[in-house]
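Undergrad: What follows is a predicted protein model with its sequence.
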Amino acid sequence: MEGFHALFFLINLLHMISTAPCAATAGIKHAASDRAALLSFKSLVNDNPFGVLSSWTNGSFHYCRWRGVSCGRRHQDRVTALDLKSLGLAGSISPSIANLTFIQRIELSDNKLDGRIPEELGSLRRLRYLNLSVNSLHGTIPFSLGAIPATLGNLAQLQYLDLQFNSFTGSIPGSLGNLSSLLFLSLDYNKLLGAMPPTFGSLLSLKTLEIQYNSLTGTIPSTLVNLSSLNWLSLRGNSLHGEIPHFAELPFLSYLNCAINYLSGSIPNSLGRLSSLEYLILRMNNLTGEIPSSLYNLSSLKALELAYNQLEGTLPSNIGNALPNLQLLCMSSNQLRGRIPASLSNASELNHLELSLNAFHGTIPPTLGALKSLLRLELATNRLEARKPSDWSFITALTNCTSLYVLDLKNNLLQGMMPKSLLNLSTNLNTLGLANNQISGIIPTEIEKFVNLIYLDMSINNFRGTIPVDISHLWQLQYLDLSTNTLSGEIPSSLGNLTRMDKLYLSNNKLEGAIPPILSNMLMLELLNLSNNRLSGSIPKEALSVSSLASFLDLSHNLLNDSIPSEVGNLINIRELDLSNNRLSGEIPENIGKCTILEILHLENNLFQGYIPSSLSNLRGLKDIDLSKNFYSGQIPAFLDELPDLQYLNLSFNSFEGRVPMKGVFKNASKVSLIGNPKLCGGIPELHLPKCTSDAFAAKHHSDYKLKVIVIPIGGAILCLIIITGLLRIHQLIKKSQRKLLSGFSLRNRHMKISYDELFKATNGFSSDNLIGTGSFGSVYKAAMNYENADIVAVKVLNLQQHGAFRSFMSECEALRSIRHRNLVKILTSCSSLDHHGNDFKALVFEYMPNGSLEEWLHSNACQNRPFRSLSLIQRLNIAIDIASALEYLHHEGSVPIVHCDLKPSNVLLDNEMTAHLGDFGLAKFLRQPPDESSERSSTGTAGIKGSIGYVPPGSAMCTALEFFCWRCLLE
């Protein structure tokens with residue numbers, strides 16, 4: 001036996017001796033191959049900022065000791081790992097890397113590599129880890145990465161594949177579903193298209209699947225329910241549609257994120273069976289129906305984000321008990337109703353509570369103060385109330401939340417004095433929103449303690465007194481809105497210390513005095529609105545030196561005088577400049593031509609004179625110019641018809657003379673207003689201007705008498721024929737243009753149009769809860785949306801099925817386009833679109849009047865569900881004066897005399913300060929129109945009776961005196 005073992009040993013020894021030279025030869029060959037592959041990789045790296053590849057040379061030490069290279073223990077000369085993460089390498093990936101046949105790990109993330117992934121990588125059968133994330137790689141993902149040839153089983157051992165933060169395009173190869181060993185797959189932040197491959201359902205070992213922020217379409221494959229090992233699924237930020245699959249059989253799933261897609265239908269009830277689920281994020285989709293009660297059985301849930309959908313129903317009263325581990329509850333912008341559950345205080349770890357843009361009502365529960373970890377409390381745009389001092393107790397309770405940094409209570413029904421306990425809130429507060437409530441009192445100087453405030457909005461309330469000087473201590477403030485209150489006094493010069501200010505709104509108050517020049521210290525200011533105050537003096541040149549102003553500068557409706565400083569040319573980034581309705585004089589500075597980004601220029605109703613400067617021709621992006629009601633003279637500059645984007649031009653009531661251009665904006669009479677310039681001539685027939693005389697013909701008449709004797713008779717006959725033909729043609733064009741006016745009227749819009757979807761969402765689907773009132777031709781809704789500094793607007797929706805509604809819409813558009821007065825309801829924009837059923841939809845968006853109509857105040861007993869309200873003698877006198885002022889303007893001061901024709905209490909609306917505004921111009925009449933135009937543009941209703949049924953105003957006789965008689969009866 002011992003002899004046998006000795007023989008066996010001898011045979012093996014002889015075999016090893018005989019094969020040793022062959023093995024050595026093979027080892028040398030493989031070593032040379034690996035070295036060559038690494039040097040080839042280096043040759044395609046064109047930027048090596050940290051010099052990490054400087055040691056990669058033929059003459060240096062062994063390549064297994066090169067930076068980032070690892071070799072195996074068993075096969076000591078074979079490269080098994082390449083780790084060059086975060087070294088700033090730029091260039092492309094060499095296909096020769098596929099010659100590293102023993103490599104198991106490739107880590108090249110967070111570099112600047114570009115180009116394509118070499119298809120040859122698919123031959124690395126030992127590869128387990130591939131991370132090429134955070135580079136600039138592009139092209140499609142190679143098919144070979146997912147293909148598994150039967151002979152070699154390419155990448156059969158791959159467990160980790162990370163390609164996120166690149167620029168890959170095309171569709172995801174379905175062959176990735178063959179990587180049966182894959183545990184982690186991330187394709188986030190690329191430009192991938194098409195549908196998700198159903199073959200992903202074969203990745204039974206997969207634990208993490210991330211395909212966020214691409215452009216995937218189609219539905220979520222139902223085969224994903226087979227991924228029984230899946231722990232993390234994120235498909236956020238694509239264009240996926242259809243319903244959410246029933247993921248009930250994924251016992252280990254703890255994170256599900258399908259936010260920012262187009263998913264529809266209801267939330268599957270089966271999601272309530274995902275016992276390990278901790279994060280459910282479905283925000284910004286089109287989900288409908290009620291939130292399934294089964295979700296409240298997921299006691300392990302830490303985050304529930306369902307915001308920006310169309311979900312209905314209420315929150316269960318025991319939600320805090322059912323979800324005790326909840327840290328984030330985000331339900332904003334849905335159609336939820338009911339009260340805010342007091343039991344939320346039992347979710348002691350809750351730090352984000354976001355319920356804005358719903359229909360929650362009642363008081364805010366003081367129990368929220370028990371949430372000591374609370375960071376964000378967002379309850380804006382609901383119907384939450386505080387009608388008596390005790391209803392404000394939640395503020396005192398919130399003083400226990402010492403980490404609170406966001407408190408947003410905008411657009412609710414909070415009334416009365418602001419509680420002093422507000423000043424005891426966390427000094428970490430960086431966002432405080434109290435806008436559009438009915439809060440009164442003064443702004444306390446102690447507000448200076450909130451030194452971390454970045455955003456402060458107290459607009460549309462009843463705050464009075466002066467702006468505290470100490471508000472300047474809020475040195476981090478970037479957004480300050482105190483507009484639409486009754487603040488008085490001067491603008492504190494200390495505001496200039498707020499050097500981080502980005503947006504400053506002080507409009508619609510009673511501020512007086514000069515504009516502080518020190519505001520120029522706000523070097524980051526993008527928007528400044530001081531309109532509708534009583535500011536006086538000249539515009540400080542320093543205020544026009546803030547080149548950062550990029551959104552708009554609005555100083556309109558003040559008492560400013562003197563000329564525009566030439567420093568206006570420093571506003572090189574400004575898009576809108578409104579200095580209208582002041583007492584400014586002089587000429588437009590030539591330097592305004594440096595404001596090359598300017599889109600909207602409003603200088604109307606001032607004392608400007610002289611010519612329109614030629615430098616305006618540099619402003620190629622101008623869309624809206626209003627220079628009306630000034631003293632400009634000379635000819636209309638030819639360059640105005642060459643501005644490519646100009647959509648509206650108002651030069652009315654000046655002293656322009658000469659020929660009107662016929663190109664550009666002048667081709668459309670609805671986009672240009674020239675009335676009140678009696679010396680203008682020519683232009684398109686729709687402008688109804690006199691023809692211009694021919695200077696050339698007159699010169700020839702004086703130069704050659706003999707020729708005149710011959711030419712005059714013949715020319716006279718031809719001229720008579722031309723005039724007769726021209727008059728007939730003009731008559732036809734007038735009638736044609738009038739018909740077009742009714743069918744295709746283009747309402748002037750200072751700002752962007754509002755879509756049907758925006759109005760639908762802002763009114764909760766035109767819910768009856770938002771219905772303000774109804775009329776003969778439509779309904780008026782309250783809409784929650786941020787438009788032109790207004791968080792709440794009124795939307796008048798026309799019932800186009802009602803006979804005469806469309807003509808009423810056109811009449812109201814025509815009237816409101818021509819007028820502007822503080823006692824007329826301000827139109828913000830319009831909507832002419834199709835609804836969700838493909839029907840025509842037309843609506844007007846007005847400034848919201850929170851105190852309703854005069855009808856509600858005079859006859860409050862007849863109004864159901866409204867508290868009794870009455871008007872004092874002073875209020876009645878003020879309302880009468882306001883309406884008289886509006887009628888005086890309509891009858892005598894406007895561009896064309898207008899008779900309202902429907903003057904009644906329900907058409908008189910009252911704002912926060914009980915200032916009266918006249919609205920509803922659907923039956924308005926223009927006086928002194930050409931006969932054909934008057935007949936074409938007449939208001940709706942019969943020829944004999946105008947006005948509302950049951951209320952026939954004397955103004956229907958088109959007599960201004962009788963309309964004033966109607967005014968005398970208005971308050972009875």
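TA: Yes, it's here.

Undergrad: any idea which element His75 lies in?
TA: Here His75 sits in a region with no helix or strand, counting by DSSP states H and E.

Undergrad: any idea which element Ile625 lies in?
TA: strand 624-626.

Undergrad: which strands and helices sit next to that strand?
TA: Here strand 624-626 touches strand 600-602, strand 648-650, going by 3 or more C-beta pairs under 8 Å, 6 or more residues apart in numbering; DSSP states H and E. Bear in mind the C-beta positions are built from the backbone N, C-alpha and C, glycine included.

Undergrad: Which strands and helices lie in contact with whichever helix or strand comes after the last one?
TA: Where DSSP H and E defines the elements, the next helix or strand beyond strand 648-650 is strand 655-660. Using 3+ C-beta pairs under 8 Å, 6+ apart as the contact criterion, the neighbours of strand 655-660 among helices and strands are strand 631-634, strand 679-682.

Undergrad: Whatever helix or strand comes next after strand 655-660: partners in the sheet, and parallel or antiparallel?
TA: Toward the C-terminal end, the helix or strand that comes next after strand 655-660 (DSSP H and E) is strand 672-673. In the sheet, strand 672-673 lines up against strand 648-650 (parallel) (DSSP bridges).

Undergrad: Tell me the secondary structure at the spatially most central residue of the chain.
TA: Central residue of the chain (C-alpha atoms, centre = their mean): Asn786, 8.7 Å from the mean position. Using DSSP: H, G, I helix; E, B strand; the rest coil, the structure places Asn786 in strand.

Undergrad: And it, how close does it get to His75?
TA: Distance, Asn786 to His75, by C-beta to C-beta, to the nearest Å: 66 Å.

Undergrad: and the strand holding Ile625, which strands flank it?
TA: strand 600-602 (parallel), strand 648-650 (parallel).

Undergrad: Pipe the ones you listed into JSON lines and attach mean pLDDT per row.
TA: JSON lines is the format used below for those (pLDDT from 0 to 100):
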{"stretch": "strand 600-602", "mean pLDDT": "96"}
{"stretch": "strand 648-650", "mean pLDDT": "95"}
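
Undergrad: Reformat the ones you listed into a markdown table and put mean neighbour count and distance to Leu771 next to each item.
TA: Below are the strands paired with strand 624-626 laid out as a markdown table (neighbours: other C-beta atoms under 10 Å; distance: least, C-beta to C-beta, whole Å):
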| stretch | mean neighbour count | distance to Leu771 |
| --- | --- | --- |
| strand 600-602 | 22 | 33 |
| strand 648-650 | 23 | 32 |
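
Undergrad: okay, the ones you listed in a markdown table with distance to Ser234 next?
TA: Output for the strands paired with strand 624-626, formatted as a markdown table (distance: least, C-beta to C-beta, whole Å):
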| stretch | distance to Ser234 |
| --- | --- |
| strand 600-602 | 42 |
| strand 648-650 | 47 |
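
Undergrad: Could you check the ones you listed and tell me which one is nearest Leu176?
TA: Among the strands paired with strand 624-626, the nearest to Leu176 by C-beta to C-beta is strand 600-602 (51.6 Å).

Undergrad: counting contacts, what elements does the helix or strand following the closest one pack onto?
TA: Counting by DSSP H and E, the next helix or strand C-terminal to strand 600-602 is strand 607-610. For strand 607-610, the packing partners by 3+ C-beta pairs under 8 Å, 6+ apart come out as strand 583-586, strand 631-634.
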